[in-house]
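**Student:** pasting the structure only:
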Ligand code: B12
Ligand code: SF4
């Protein structure tokens, strides 16, 4: 009788949102590649199936994992999913203690202080994964062997986490299997192919982790990349998104572009990439348009010379504008990124960058992000001499620099809204409330909407808890709402067992604020990483929304915490206006609604029209 192959399960948890937008884009490139390698080595390996991986709540994921009964679980960790991945790891170790939990991805670095405080996983793989993964597969995950494999973090009782050192050699990209061509991404793509044509970056900007701990750029064979694009067209996909840092810096750009012009002559595929603006001339932009590019993202980050020097970038305003105009006039939209909180900048300098881009009309869309001090980046490693303070947990948002406090960074986002006339952080609309969402078949049987019309329905809830998505609407009838003793313990228990849940609780229009007190008590006890973004100009408490729909309108009730300043981990306080967010078909606030608000709140909240994110 032959030996039974070890079972390996790989997955990547999504960036969560009430509307599942980023779940649709949760494309597990790393998991799919590593899974193919494991299969080639004779393991019984799988990538977690949809809808569980991208849409399931914590218990539905765990049910899937327990039924699969893996010997090894491998998770891809990014700053938006590391905490949930660690929670799932902890639960796996509780139920399947002999399962080896391996974490990889940009969050797994030997200097990540947040990660090194954790104990719930067995092995971490730092940097590019394939080489180390191959060695792990060869070792059959035997504990005494794996610790010596380069690139591995392993735990030693007594001395804590130990890192075996970076691997002296990097995987040969020509030898890696293509997850797309091998059919390993089929159910995850949703019409869009995410494609690496290079790895690494020619630059080393101080805030960025595109380098994955190695220097320089390595290319995937151009023939393979072109075959992938050709295949995408053949299979009827609509878009290709290049994950490369600067598409225009591809060492064989001329040939690449000519081949794209051949393959995508009639622009059937829409192409997206990140680019530098400066080197792009009119001829290149025109050829890019003809090849199918519809939008490029350009990282400007700031216009300040001194900051550019500190973060190792260069900026030539004339060449930059010329490049942007060349792209725009050729029909390619330009998305400009700015970062607030970079070293050497006070409020004035950030405003100057923002105003400059707007005045020059050097954008089609303008994105403003707070700086994150990402582990293994230069700013993370030199944060003390630079005087930079950031959250000690994901998303590591900057909260203080020698020239800025959190309140001022928050002001930058308010200024963005003032200048652009748009909500910079719109609330996502749960799918049960969104008239545009006609089809929830992507949830393949997970129920996004639960009605609690009677106490029997409340009691039956826990029996379906592992068949629900992470974003769930619970509709409370007036009778049930008035019986908190029946539903409060059930809801609390659900959140304890599914801490990475996003809930929208629907209450009837005749509800009064007092009737919501038991609900707000639960909400106060629940924390979720989504609520750490202090830069949002309204409603920072977003994991549990209390909503009402009535006569074509939908509104989010203000959370009572909004009347107090938001307290950051380091004691800084941010004042935000208590806000009711209202969606109406007319985009006007009806007079009767103002009365409805005034009747309920002696100190009424601001009312904002609900702008559904366009992403
Ligand atoms: C695509 C992408 C996204 C997509 C999401 C992708 C998805 N699939 O869901 C979107 C657009 C949502 C996104 C958003 C953001 N992103 Co992004 N994104 C990327 C990008 C370009 C590609 C990721 C990818 O799939 N690469 C291809 C795979 C094969 O490479 P990989 O992920 O690095 O995996 C390798 C290793 O890490 C390892 N590995 C990975 N998993 C595993 C598992 C095991 C078991 C093992 C052994 C090894 C292993 O092996 C793999 C192969 O070598 C990277 C940059 C880059 N080029 O990698 C940034 C990156 C991941 N993003 C980053 C950031 C910061 C963001 C934002 C926060 C930006 C912002 N300011 O808003 C937002 C998140 C928004 C939010 N609210 O939190 C950082 C992440 C840093 C971190 N510590 O997590 C990166 C690294 C870029 C950077 N700035 O340095 N992003
Ligand atoms: S910010 Fe862009 S150019 Fe700079 S290192 Fe990262 S990927 Fe490269």
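**Tutor:** Done, it's in. In this text, all values refer to a predicted model and were calculated from it rather than measured experimentally. Ligands and ions are numbered 1, 2, ... in the order given.
**Student:** Assign the residue of the stretch 251-400 of the chain found nearest ligand 2 to helix, strand or coil.
**Tutor:** Shortest the stretch 251-400 of the chain-to-ligand 2 distance, computed as Cβ to the nearest ligand atom: residue-wise this is residue 299, at 5.3 Å. For every residue, glycine as well, the C-beta is placed using N, CA and C. Reducing the assignment to helix, strand or coil with DSSP: H, G, I helix; E, B strand; the rest coil, the entry for residue 299 is strand.
**Student:** For it, which non-adjacent residue is spatially closest?
**Tutor:** Once flanking residues are discounted, residue 299 sits nearest to residue 337: 4.8 Å by Cβ to Cβ, 6 or more residues apart in numbering.
**Student:** just checking, the one you found touches residue 300?
**Tutor:** Yes: taking Cβ atoms under 8 Å as the contact criterion, residue 337 and residue 300 are neighbours in contact, 6.4 Å apart.
**Student:** okay, the two: which has more neighbours?
**Tutor:** Taking neighbours as other Cβ atoms under 10 Å, residue 337 and residue 300 compare with residue 300 leading, 23 against 16.
**Student:** Parallel or antiparallel, list what pairs with the helix or strand hosting residue 101.
**Tutor:** Assigned by DSSP states H and E, residue 101 falls within strand 100-104. Strand 100-104 pairs in its sheet with strand 72-76 (parallel), strand 123-125 (parallel), by DSSP bridges.
**Student:** now check it, is it near ligand 1?
**Tutor:** Yes: judged by Cβ under 6 Å from any ligand atom, strand 100-104 comes into contact with ligand 1 at 102, 104.
**Student:** How far does that strand sit from its chain's centre?
**Tutor:** Between the mean C-alpha location of strand 100-104 and the chain-wide mean there is a distance of 20 Å, by Cα atoms, centre = their mean, to the nearest Å.
**Student:** what does the helix or strand following that strand rub up against?
**Tutor:** Tracing the chain C-terminally past strand 100-104 and defining elements by DSSP H and E, one meets helix 113-116 next. Judged by Cβ atoms under 8 Å, 6 or more residues apart in numbering, the contacts made with helix 113-116 from elsewhere in the structure are 82, 107-110, 124, 160-161, 375, 392-394, 396.
**Student:** try it again with 6 Å
**Tutor:** Where contact means Cβ atoms under 6 Å, 6 or more residues apart in numbering, the residues beyond helix 113-116 that reach it are 161, 393.
**Student:** at contact distance from ligand 1, anything in it?
**Tutor:** No: using Cβ under 6 Å from any ligand atom, helix 113-116 stays clear of ligand 1, coming no nearer than 9.8 Å.
**Student:** repeat for stretch 68-80
**Tutor:** Yes: in terms of Cβ under 6 Å from any ligand atom, part of stretch 68-80 sits within range of ligand 1, namely 74, 76, 78-80.
**Student:** how about the residues of this structure near ligand 2?
**Tutor:** Taking Cβ under 6 Å from any ligand atom as the contact definition, the chain meets ligand 2 at 201, 203-205, 208, 210, 245-246, 299.
**Student:** Out of these, which end up buried?
**Tutor:** Listed as buried from the residues of the chain next to ligand 2 are 201, 203-205, 208, 210, 245-246, 299; burial here means 16 or more other Cβ atoms under 10 Å.
**Student:** Now do the helices in the stretch 51-200 of the chain.
**Tutor:** Taking DSSP state H, counting those that start in this stretch to define them, one finds helices in the stretch 51-200 of the chain at 52-55, 58-68, 82-95, 113-116, 130-139, 143-146.
**Student:** Tell me which of those helices sits most buried.
**Tutor:** Burial among those, expressed as mean neighbours by mean count of other Cβ atoms under 10 Å, is greatest for helix 52-55, which shows a mean of 24.
**Student:** quick check: mean pLDDT across that helix?
**Tutor:** Taken as a whole, helix 52-55 has an average pLDDT of 98.
**Student:** Repeat that for stretch 493-508.
**Tutor:** Average pLDDT, stretch 493-508: 98.
**Student:** mind listing the helices for the stretch 451-600 of the chain?
**Tutor:** With DSSP H, counting those that start in this stretch, the ranges of helices along the stretch 451-600 of the chain come out as 455-460, 478-481, 484-497, 517-525, 591-600.
**Student:** export those helices to JSON lines and tack on distance to residue 185 and mean neighbour count?
**Tutor:** Putting those into JSON lines (distance: least, Cβ to Cβ, whole Å; neighbours: other Cβ atoms under 10 Å) gives the following:
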{"stretch": "helix 455-460", "distance to residue 185": "37", "mean neighbour count": "14"}
{"stretch": "helix 478-481", "distance to residue 185": "43", "mean neighbour count": "16"}
{"stretch": "helix 484-497", "distance to residue 185": "31", "mean neighbour count": "16"}
{"stretch": "helix 517-525", "distance to residue 185": "38", "mean neighbour count": "16"}
{"stretch": "helix 591-600", "distance to residue 185": "46", "mean neighbour count": "13"}
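**Student:** Redo those as CSV? Include distance to residue 354.
**Tutor:** Listed next are the helices of the stretch 451-600 of the chain as CSV, based on distance: least, Cβ to Cβ, whole Å:
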stretch, distance to residue 354
helix 455-460, 49
helix 478-481, 44
helix 484-497, 39
helix 517-525, 34
helix 591-600, 33
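**Student:** Of the ones you listed, which is nearest residue 346?
**Tutor:** Between residue 346 and those, the shortest separation by Cβ to Cβ is 35.0 Å, and it involves helix 517-525.
**Student:** taking the mean pLDDT, what do you get for the closest one?
**Tutor:** When pLDDT is averaged along helix 517-525, the result is 97.
**Student:** Now do the buried residues in stretch 313-324.
**Tutor:** Applying a neighbour-count criterion of 16+ other Cβ under 10 Å, one finds 313, 315, 319-320, 322-324 buried in stretch 313-324.
**Student:** Now find how far off-centre that stretch is within its chain.
**Tutor:** Average the C-alpha atoms of stretch 313-324, do the same for its chain, and the two points are 29 Å apart (Cα atoms, centre = their mean).
**Student:** What of stretch 207-219?
**Tutor:** Once both centres are worked out by Cα atoms, centre = their mean, stretch 207-219 turns out to sit 20 Å from its chain's centre.
**Student:** Next: stretch 351-368.
**Tutor:** Worked out by Cα atoms, centre = their mean, stretch 351-368 lies 24 Å from the chain centre.
**Student:** How about stretch 246-264?
**Tutor:** Centre-to-centre, stretch 246-264 and its host chain are 29 Å apart (Cα atoms, centre = their mean).
**Student:** Just the residues contacting it, thanks.
**Tutor:** Outside stretch 246-264, the residues that touch it by Cβ under 6 Å, 6+ apart are 202, 219, 222, 226, 229-230, 273, 275-276, 279, 287, 290-292.
**Student:** Pull out the buried positions in that stretch.
**Tutor:** Of the residues in stretch 246-264, those with enough neighbours to count as buried (16+ other Cβ under 10 Å) are 246-250, 256-257, 259-260, 263-264.
**Student:** So for it, first residue to last residue, what's the gap.
**Tutor:** Its start and end residues considered, stretch 246-264 measures 21 Å (Cα to Cα, to the nearest Å).
**Student:** before we move on, what about stretch 446-464?
**Tutor:** Separation of the first and last residues of stretch 446-464 by Cα to Cα is 10 Å.
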